[in-house]
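# Pasting the sequence and the predicted model now:
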Amino acid sequence: MKEKQPLKNLYNLYLNNQCSEEEFERFLTALVNEDDDKEILALMSATWDNTHTLPDIGLIPDFLPQETKQVKLKPAQSGKVNLQRFIASAAAILVLAAGLYFFRDNVIKLIAPVQQQEVWSSIGERKKIILADGSQVWLSSNSKLSYPDKFKEAQRSVSLEGEAFFEVAHDAKHPFIIKTGKVNTTVLGTSFNVSAYSKQNTINITLVTGKVAVALTTKNKTYTETILPNQQIVVNRSNNKLSKIDYPEAVSFLNRRLGQYEYKGLILEQVVHDIESQYNVQIVLSTHLSDKTFYGNLNMNDPIAQTLNKLCLVMETKWEKKGEQYEIIK
């Protein structure tokens, strides 16, 4: 196992422009670590007390982008060092070190900028994504998740189109936010499901464990609501209304994230909405069937024909495909 290089050694290599690219990256990592703050400040103070000559060349390694090379010092002249030049030299070193210390986030962003990632799931496809903080996302069929390859801001923000189940790594200092249009869902560490398909009139946030705050922003006002386990937030896109309901079957989303849908007396109209979302199709349901209830399991990973066959077998109905849409009739 490689032994950790002492911060003092990295600091001295940096000041003398002798650190390799790998050592410089380790030095930047140490600057970001708040546990090393006292040691860094002590080293900077010692630099002021112990500087006797000008450094031979600039303090920033050559492999850095040109825009980071803000301070360039001339080589020391032979002979006696003038007191004013000595003070200027020490001050320049401290200014550069202090600048790097106090503005380290900007330097790191320049060297290793955050890259935005996008993951799509096609019809009948599901994907599991592990984010940089350890949070896990199960992306449902016909959905898209946008997220950074690393979290550098005060908030951990991602964007969702469609549906996904989240297990968020706990971090009280950096709230996790899922953005779905006008709706932001904020958590610290919990498991929940967000359904926000563009063709649906509602956005549903269902909580399995933890605690979630949901905010709906309109032109005139922001509405907020907090839910606990076995509760659901329903956001109506048509009238910008936000409501909270009890949802005792929230744990079922642990299976739904894998495509296994269990129904215990849900009205057929809602079941059909689920099928439409998962397969990105349009289904016409006969009026006299919409309020019928369905009991059974559907595997949304199966081809749509197989799923409709099972549904119609239980409901004693049949289905037909007419053009680009499906019809369920008695």
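Received it, and whenever you're ready, just let me know what you need. As the structure is a computational prediction, the values presented were derived from the model and not from experiment.

# Excluding residues flanking it in the chain, which one is nearest Ile304?
If the residues on either side of it in the chain are set aside, Ile304 comes closest to Tyr279, at 4.7 Å by CB to CB, 6 or more residues apart in numbering. The C-beta positions use only the backbone N, C-alpha and C, and glycine is treated the same way.

# isn't that neighbour right up against Ile123?
Yes - applying CB atoms under 8 Å as the test, Tyr279 and Ile123 come out as touching, 5.7 Å apart.

# between those two, who's got more neighbours?
Tyr279 (19 against 11; other CB atoms under 10 Å).

# mind listing what that one touches?
The contact partners of Tyr279, by CB atoms under 8 Å, 6 or more residues apart in numbering, come to Ile123, Gly124, Ser141, Asn142, Met300, Ile304, Thr307.

# Make TSV from those and add pLDDT to it.
Listed next are those as TSV, based on pLDDT from 0 to 100:
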residue	pLDDT
Ile123	87
Gly124	85
Ser141	93
Asn142	93
Met300	95
Ile304	95
Thr307	97
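
# Most neighbours among these, which one?
Within the contacts of Tyr279, most neighbours by other CB under 10 Å means Asn142, with 23 neighbours.

# returning to what we had before: give me the common contacts of Tyr279 and Ile123.
Any residue near both Tyr279 and Ile123 by CB under 8 Å, 6+ apart counts here, and that gives Ser141, Asn142.

# List the residues that contact Leu285.
Contacts of Leu285 were listed using CB under 8 Å, 6+ apart, and they are Leu268, Glu269, Val272, Glu327, Ile328.

# Could you check how far it is from Val234?
For Leu285, the distance to Val234 (CB to CB, to the nearest Å) stands at 21 Å.

# now Pro175
As judged by CB to CB, Pro175 and Val234 stand 22 Å apart.

# What does the pLDDT read for the residue lying closest to Gln260 once chain neighbours are set aside?
Nearest non-adjacent residue to Gln260, counting by CB to CB, 6+ apart: Asn299, 6.0 Å away. On pLDDT, Asn299 comes in at 96.

# residues near Asn299, how many?
Per other CB under 10 Å, the neighbour tally for Asn299 reads 12.

# Repeat that for Glu320.
By other CB under 10 Å, neighbour count at Glu320 equals 11.

# give me the number of residues near the nearest residue to Lys241 once chain neighbours are set aside?
If the residues on either side of it in the chain are set aside, Lys241 comes closest to Val235, at 7.5 Å by CB to CB, 6+ apart. For Val235, the number of neighbouring residues by other CB under 10 Å comes to 24.

# Equivalent analysis for the one 5 residues further on, please.
Using other CB under 10 Å, Asn240 has 15 neighbouring residues.

# now do Lys221
Number of residues near Lys221 (other CB under 10 Å) recorded here: 8.
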